[in-house]
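A.B. asks: Sequence first, then the predicted structure:
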Amino acid sequence: MHGIILSELKRYVEARKGAAAWPMLLEKAGLADARYLANETYPDRDVVAIVEAASATTGVDAQALLEDFGEFVAPNLLEIYSALIPPEWRTLDVILNTERNVHTVVRMKSRGAAPPELKCVRTGPDQVILTYDSPRRMCAVAKGIARGLALHFHETIEITESACMHRGAPACVLSFRRV
């Protein structure tokens with residue numbers, strides 16, 4: 001897992017539950033001594049353990065937490081990767097081009113980074129279909145990021161999911177439609 005996700009997860013937890021929540025969550029996840037740097041890579045199991053601990057602590061489903069996290073992190077990701085995102089782009093443009101413009105650069109610059117493979121097709125001026133394929137099965141983060149992008153750009157989108165790895169599909173297929 002790319003360190004930016006873990007450092008943003010820390011920021012999310014502190015924003016939602018206060019500064020003391022992060023160390024308590026790490027302890028509950030069995031990672032009390034863990035420190036995460038944005039430009040490093042870490043075992044996927046760390047994120048899984050943290051999300052499971054957060055779900056157990058809050059009583060909120062892990063998928064709902066991941067979607068909320070995605071929405072929370074979207075504006076900061078836009079800022080971090082602003083040099084790769086033309087200013088005229090909006091929600092669907094960012095989704096459509098994330099694999100080519102952002103994930104490709106992350107893979108080149110951060111040894112060991114393995115962001116999910118995103119295959120996107122624009123099916124019309126107001127719709128993008130995304131196929132998310134990752135052994136992490138964190139499609140909820142993608143949904144949340146899309147919602148966060150739409151909020152950032154003052155747009156409204158509908159998200160439908162025609163296939164999901166959590167329901168036995170080989171990949172998640174998400175439709176994002178601007179309304």
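C.D. replies: Ah, there it is.
A.B. asks: excluding its backbone neighbours, what's nearest residue 118?
C.D. replies: residue 99 (4.2 Å; CB to CB, 6 or more residues apart in numbering). (Each C-beta comes from the backbone N, C-alpha and C, glycine too.)
A.B. asks: need the contact list for that neighbour.
C.D. replies: 117, 118, 119, 120 (CB atoms under 8 Å, 6 or more residues apart in numbering).
A.B. asks: Out of those, which sit inside strands?
C.D. replies: When strands are assigned by DSSP state E, the members of these inside them are 117, 118, 119, 120.
A.B. asks: And the pLDDT for the first one?
C.D. replies: Note for residue 117: predicted pLDDT of 78.
A.B. asks: is it in a bridge, and if so with what?
C.D. replies: Counting by DSSP bridges, residue 117 forms beta bridges with residue 133.
A.B. asks: And stretch 82-92, what's buried?
C.D. replies: 84, 85, 89, 91, 92 (16 or more other CB atoms under 10 Å).
A.B. asks: CA atoms only: put that stretch into PDB for me.
C.D. replies: Output of stretch 82-92 as PDB, limited to C-alpha atoms (Å, rounded to 0.1, in the frame of the first residue of the first chain):
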ATOM      1  CA  SER A  82      -2.500  18.900  -9.100                       C
ATOM      2  CA  ALA A  83       0.500  19.100 -11.500                       C
ATOM      3  CA  LEU A  84      -0.900  16.000 -13.300                       C
ATOM      4  CA  ILE A  85      -4.500  17.300 -13.500                       C
ATOM      5  CA  PRO A  86      -5.400  20.000 -16.000                       C
ATOM      6  CA  PRO A  87      -7.400  22.800 -14.500                       C
ATOM      7  CA  GLU A  88     -10.300  22.400 -16.900                       C
ATOM      8  CA  TRP A  89     -11.000  18.800 -15.900                       C
ATOM      9  CA  ARG A  90     -14.000  18.000 -13.800                       C
ATOM     10  CA  THR A  91     -15.100  14.900 -11.900                       C
ATOM     11  CA  LEU A  92     -15.600  12.500 -14.900                       C
END
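A.B. asks: could you give the mean pLDDT of that stretch?
C.D. replies: On average, stretch 82-92 scores 92.
A.B. asks: residue boundaries of the helices in the protein?
C.D. replies: 3-17, 21-28, 44-58, 62-80, 91-98, 104-109, 139-152 (DSSP state H).
A.B. asks: Any idea which of those helices gets closest to residue 124?
C.D. replies: helix 91-98 (9.8 Å; CB to CB).
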